[in-house]
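Asks: Need coordinates for the below:
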Amino acid sequence: MATARLLYNADNKHLFCLLMESSAKSKLNATSAVAATRAMSNPKPHGIGHGLDMMVDMRTLSGQGRLKEALNILNLIGKQGTFSDSSTYVSLLDGCVKYRALTEGKLIHAHIILTGFKPDVYLQTKIVITYAKSGSLVAARQVFDEMSQRNVVSWTAMVSGYAQNGFLDKALELFQKIPERNVVSWTALISGYAQNGQYGDAVKLFQQMQLTGMKENCVTLASVLSASVNLADLEYGREIQEDVIRSGFELDVFVGNGFIDMYAKCGSIEDARKVFDKIAERNVVSYNTMIAGYCRHGLSQEAYTVFKQMKGTCIQLDAFTFSNVLSACADLGNLAYGKKIHEDIKISGLQCNVFVNNTLIDMYVKCKQIKDARDVFDKMPERNVVSWNTMIAGHLQNGQFEEAVKLFEQMHVAGVQPDLVTWGSLISGFSKSGHVDKALKLFQNLPERNVVSWTAMVVGYAQNGYIDEARKLFQKMPEQNVVSWTAMIASYAQSGCSSESLDVFRRMQLSGVKPNSITFASVLPACANLAALGRGKEIHEDAIRLGFQCDILVGNALVDMYAKCGSLEDARKVFDSMPTQNVISWNAMIIGYAMHWCGKEALQLFEVMQHSVTKPDHVTFVGVLSACSHEGLVDNGWRYFHCMRQDYGIIPEIQHYCCMVDLLGRAGHLDEAHDVIKKMPIEPDSSVWGSLFGACRTHNNTQLGKHAAEVLLKIDPDNAAHYVLLSNIYAAAGRWYDVELVRRLMKDRGVKKMPGRSWIEVNNEVYTFRAGDTSHQQKKQIYEKLERLFGQMKESGYVPDTNFALYDVEEEQKEDMLYHHSEKLAIAFGLISTPPDTTIRIVKNLRVCGDCHSATKFISRMVMREIVVRDTNRFHHFKDGKCSCGDYW
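Replies: Numbering: from 1, shown residues only. Down below sits the predicted model:
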């Protein structure tokens with residue numbers, strides 16, 4: 001037979017060698033090998049007789065993975081003249097498949113051939129499976145081709161072998177030849193495509209199967225759900241669930257677990273929870289998948305709650321359970337929870353598990369309990385490179401650089417080879433602490449540099465303000481991947497170089513490197529900083545095209561970008577379309593409403609949030625209190641301020657006190673605002689005093705304003721904004737001598753006022769203007785447009801507020817200075833460069849002055865266009881001669 005030639009070349013000598021090798025490994029003697037070979041070469045009539053007990057022993061050993069001992073019995077049976085039946089061979093081959101024992105499988109096949117045993121179709125199929133599962137597809141196909149009869153199981157075994165080993169074309173070709181397919185054969189092909197990354201084709205095959213009227217089984221559903229997850233196709237996943245309900249599989253734990261995983265990974269954690277709650281008999285996978293899903297969505301408290309629920313069942317907690325819930329505790333920063341779980345780990349007997357201990361170390365590090373982390377590390381009976389890396393990173397994050405270096409040296413002594421993460425941690429740790437020189441020395445001494453180490457050094461330079469050095473090093477990189485490109489994009493954006501960030505993103509796309517979710521989350525803030533709405537929309541389209549429409553990280557960045565670009569409608573559309581929202585999502589939308597003077601909408605959304613699974617945090621209340629401030633809702637503000645501690649256990653921080661001072665100050669309750677500052681349990685900083693100072697200017701309270709200014713100039717003497725605001729107060733009162741004194745003080749202290757700048761996006765290009773700017777190519781048209789506008793405005797009753805021209809000069813000169821403020825120039829450029837029905841969007845780096853505010857109202861009415869201006873604190877929507885702030889800013 002061809003198969004015999006393939007395996008042994010019809011040579012008992014070769015078979016003897018195989019048996020000798022097998023016998024040596026199983027501590028059998030050469031005599032047994034010789035006897036077995038003779039018996040196999042001179043078979044006696046088939047029978048079972050007294051060999052029945054030996055056959056039972058042989059099957060038992062095979063099931064336990066003791067295959068060499070089972071083979072020894074097989075040889076002894078042959079020596080006694082008693083030979084196995086088909087079921088015995090099948091049991092032995094099952095053991096070979098289970099324990100991936102190809103050599104033993106070949107020996108059993110040899111025994112079948114040389115004893116002259118005539119295998120039935122069932123045994124032949126099992127031989128095909130044995131070879132296919134071990135990757136010996138040539139041998140599997142020869143056995144398959146020699147079969148005189150085949151059933152659907154035989155065909156499926158060969159199709160599955162090809163598919164599981166990546167030969168999808170051969171699998172499909174053979175599948176199409178199957179005379180009569182069943183759900184198992186369909187599933188074998190679908191599973192193969194899904195496991196080899198051909199997710200779209202896997203889904204298409206499943207759809208073809210459905211068109212034939214074939215009903216799926218649990219394994220089919222698990223395979224197609226896996227494909228849906230990787231395609232991030234939430235809607236198709238929901239369609240599959242509808243099919244499942246019709247098929248009656250909905251409450252099956254295996255299928256249910258698949259749906260929990262699919263919904264969680266596709267961004268719909270609420271749907272995942274609904275499926276979880278419907279499973280009548282959950283197993284450890286159900287709980288682990290639900291906990292991991294909550295962790296993935298930043299819902300750490302919910303993850304811990306499911307863990308507590310799991311503890312109340314009879315289900316055994318495993319390493320994955322503890323790893324996931326410890327990650328949740330780390331994210332929450334809840335040391336008490338973490339310590340309780342540590343005790344649970346000791347009770348479970350997993351205290352020696354290296355995977356669990358690594359996560360335990362990470363939890364203690366993130367909870368800033370470095371001693372506890374080190375205690376776990378020191379007591380570990382076995383450590384891997386992850387253990388060392390986690391502990392080294394822990395020391396670095398806590399500023400213990402000498403300890404980190406010592407541990408790094410001990411790592412060498414212990415014989416553990418540092419990997420890329422080790423070196424990257426050291427470089428990043430020193431960089432974050434400002435020790436760029438030490439980070440650079442490590443980088444230069446690296447035995448081998450790769451893209452990870454290069455990227456760590458690039459980020460190190462950028463984090464310490466050396467953006468040019470970061471750029472130069474990035475350009476020297478021999479290889480740039482998505483991580484290094486993203487690092488450079490984020491570095492520029494975080495350094496205030498938003499235009500450069502967008503340029504790097506464009507060059508990344510041209511290079512052929514595809515952005516990931518972190519890339520999008522890094523570049524969208526650059527669009528937000530410049531109010532580059534058009535460019536932001538383009539990037540949004542890129543994210544959708546690449547399948548990130550359900551990614552919560554990208555969704556949050558989009559909500560923030562649209563809100564900061566002045567398009568609340570688009571921000572809300574993205575927010576509502578997100579499959580699930582975490583606290584960052586809610587905060588971005590609430591703060592977005594607050595910035596746009598939509599205080600009522602912000603508070604309404606907060607009420608909805610309180611009834612969701614997401615609990616508000618300290619950032620949420622900053623947005624809520626800001627909304628109250630912008631709406632002048634003093635009573636509501638006090639109510640929310642008190643409920644922070646009473647209802648949510650959130651202790652008010654400096655930002656919350658700042659909001660309360662701003663709220664009271666804007667409402668004219670200056671003494672009450674001052675009283676809040678005096679009673680603060682924490683030291684008020686410049687932001688708190690600055691809020692009071694701004695309110696004093698608005699309400700012309702020179703005396704209290706002077707006191708606030710004196711405090712500000714003492715605690716924050718290098719901030720030019722305080723000097724400017726004090727000058728404003730004196731100028732508005734006509735106290736030009738005091739104005740000059742303030743300016744002289746600035747000069748003596750070397751404090752420089754930040755020049756006012758405004759940005760506008762036209763045709764996806766961002767243009768910058770300064771006061772009195774004459775650098776623009778269209779300066780003539782811009783100034784002509786302004787001149788015509790001011791002529792029309794004066795006819796309509798506009799009177800320049802020269803209090804904002806902070807120089808003691810003639811009124812005509814003051815007016816001329818006011819006319820050429822940067823936002824007015826940007827508005828004029830927008831009017832001559834965009835179609836009449838488009839909204840003009842301006843960003844300014846300083847607080848908008850009163851005269852510009854008044855002038856923009858007039859302009860919006862005359863040109864019948866909406867003008868949106870974002871200053872350092874908030875948005876102003878000008879339309880039909882009115883502003884969204886109601887002149888309350």
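Asks: what about the closest residue to Trp155 other than its chain neighbours, which helix or strand?
Replies: Distances taken as C-beta to C-beta, 6 or more residues apart in numbering place Ile178 nearest to Trp155, at 4.4 Å, with adjacent residues excluded. For every residue, glycine as well, the C-beta is placed using N, CA and C. Per DSSP states H and E: Ile178 is located in neither a helix nor a strand.
Asks: what sits against Ile178?
Replies: 152, 155-156, 159, 185 (C-beta atoms under 8 Å, 6 or more residues apart in numbering).
Asks: Which residue ranges of this structure form strands?
Replies: Ranges of strands in the chain, per DSSP state E, are 757-762, 765-770, 840-844, 867-870, 875-879, 882-883.
Asks: now the fifth one and strand 840-844, what's the angle there?
Replies: Relative orientation of strand 875-879 versus strand 840-844 (axes from the mean of the first three to the mean of the last three C-alpha atoms, to 10 degrees): 150 degrees.
Asks: Can you report how many residues lie near Met209?
Replies: 21 (other C-beta atoms under 10 Å).
Asks: Name all residues that make contact with it.
Replies: 183, 186, 190, 216, 220.
Asks: Over to Asn582?
Replies: The contact partners of Asn582, by C-beta under 8 Å, 6+ apart, come to 297-299, 552, 556, 614.
Asks: same thing but 7 Å
Replies: Counting by C-beta atoms under 7 Å, 6 or more residues apart in numbering, Asn582 touches 297-299, 552, 614.
Asks: quick one: Met609 and Ser585 touch, right?
Replies: No - counting by C-beta atoms under 7 Å, Met609 stays clear of Ser585, with 9.6 Å between them.
Asks: thinking again about what came up before, can you tell me how far the residue nearest to Trp155 sits from Trp186?
Replies: As judged by C-beta to C-beta, to the nearest Å, Ile178 and Trp186 stand 10 Å apart.
Asks: Nearest residue to the middle of this protein?
Replies: Leu553 (5.5 Å; C-alpha atoms, centre = their mean).
Asks: Excluding sequence neighbours, find me the nearest residue to Ala373.
Replies: Counting by C-beta to C-beta, 6+ apart, Ala373 lies nearest to Tyr364, which is 3.7 Å off, once chain neighbours are set aside.
Asks: swap in Asn151?
Replies: Of all residues not flanking Asn151 in the chain, Val121 sits nearest, at 5.9 Å (C-beta to C-beta, 6+ apart).
Asks: what's the answer for Asp551, then?
Replies: The spatial neighbour of Asp551 that comes closest, neighbours along the chain excluded (C-beta to C-beta, 6+ apart), is Ser517 at 4.6 Å.
Asks: Same check on Asn353?
Replies: Excluding its sequence neighbours, the residue lying closest to Asn353 (C-beta to C-beta, 6+ apart) is Ala319, at 5.3 Å.
Asks: quick one: the nearest residue in space to Tyr783 that is not next to it in sequence and Thr856, what's the gap?
Replies: Excluding its sequence neighbours, the residue lying closest to Tyr783 (C-beta to C-beta, 6+ apart) is Ala828, at 7.7 Å. To Thr856, Ala828 is 11 Å away according to C-beta to C-beta.
Asks: what sits up against stretch 522-535?
Replies: With contact meaning C-beta under 7 Å, 6+ apart, stretch 522-535 is reached by 486, 489-490, 493, 498-499, 501-502, 505, 536, 539, 557-558, 560-561, 564-567, 759, 761, 764, 766, 841, 843, 870.
Asks: The residues you listed, buried ones only, as a ChimeraX selection?
Replies: A single ChimeraX command selects the buried members of these (16 or more other C-beta atoms under 10 Å):
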select :486,489,490,493,498,499,501,502,505,536,539,557,558,560,561,564,565,566,567,759,761,766,841,843,870
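Asks: Among the contacts of stretch 522-535, name the ones in helices.
Replies: Per DSSP state H, helices hold the following members of these: 486, 489-490, 493, 498-499, 501-502, 505, 536, 539, 557-558, 560-561, 564.
Asks: follow-up on the earlier one: return the residues in contact with the residue nearest to Asp551.
Replies: Counted by C-beta under 7 Å, 6+ apart, Ser517 has contacts 548, 551, 553-554.
Asks: Which of the residues you listed fall within helices?
Replies: 553-554.
Asks: Of the contacts of Ser517 - the most surrounded one?
Replies: Neighbour tally across the contacts of Ser517 (other C-beta under 10 Å): the maximum, 27 neighbours, falls on Val554.
Asks: just checking, that residue touches Asn516?
Replies: No - the pair Val554 / Asn516 is not scored as a contact, 9.5 Å apart, by C-beta under 7 Å.
Asks: any shared contact partners between these two?
Replies: Shared contacts of Val554 and Asn516 (C-beta under 7 Å, 6+ apart): none.
Asks: Identify the residue nearest Ser160 in space, chain neighbours excluded?
Replies: Ala188 (3.9 Å).
Asks: List the contacts of the one you found.
Replies: Counting by C-beta under 7 Å, 6+ apart, Ala188 touches 156, 159-160, 163.
Asks: Reformat these as CSV; add neighbour count, distance to Ala272 and pLDDT.
Replies: Below are the contacts of Ala188 laid out as CSV (neighbours: other C-beta atoms under 10 Å; distance: C-beta to C-beta, whole Å; pLDDT from 0 to 100):
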residue, neighbour count, distance to Ala272, pLDDT
Thr156, 25, 32, 92
Val159, 27, 33, 93
Ser160, 23, 30, 91
Ala163, 25, 29, 89
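Asks: quick one: which of those sit in helices?
Replies: 156, 159-160, 163.
Asks: Quick check: which ranges of this protein have low pLDDT?
Replies: For the chain, the stretches with pLDDT under 70 are 1-55, 78-84, 232, 247-251, 801-818, 888-889.
Asks: biggest helix in it, by residue count?
Replies: helix 779-795.
Asks: List the contacts of it.
Replies: Residues from elsewhere that reach helix 779-795, judged by C-beta under 7 Å, 6+ apart: 776, 819, 824-825, 828-829, 831-832, 855, 858-859, 862.
Asks: can we see that at 6 Å?
Replies: Contacting residues not belonging to helix 779-795 are listed as 819, 825, 828-829, 831-832, 858, 862 [C-beta atoms under 6 Å, 6 or more residues apart in numbering].
Asks: go on, stretch 394-401?
Replies: Under C-beta under 6 Å, 6+ apart, the answer for stretch 394-401 is 365, 370, 373, 403-404, 429.
Asks: Same check on stretch 694-704?
Replies: With C-beta under 6 Å, 6+ apart as the criterion, stretch 694-704 contacts 665, 668, 670, 705, 728-729.
Asks: One more: stretch 140-158?
Replies: 2-3, 6, 121, 124-125, 127-129, 131-132, 161, 174, 178, 180, 182, 184-185, 188.
Asks: what about burial for those, which qualify?
Replies: If we count by 16+ other C-beta under 10 Å, these have these buried: 3, 124-125, 127-129, 131-132, 161, 174, 178, 184-185, 188.
Asks: Taking those residues together, which two end up most distant?
Replies: Within the buried ones among the contacts of stretch 140-158, Thr3 and Val184 form the most distant pair, 25.0 Å apart (C-beta to C-beta).
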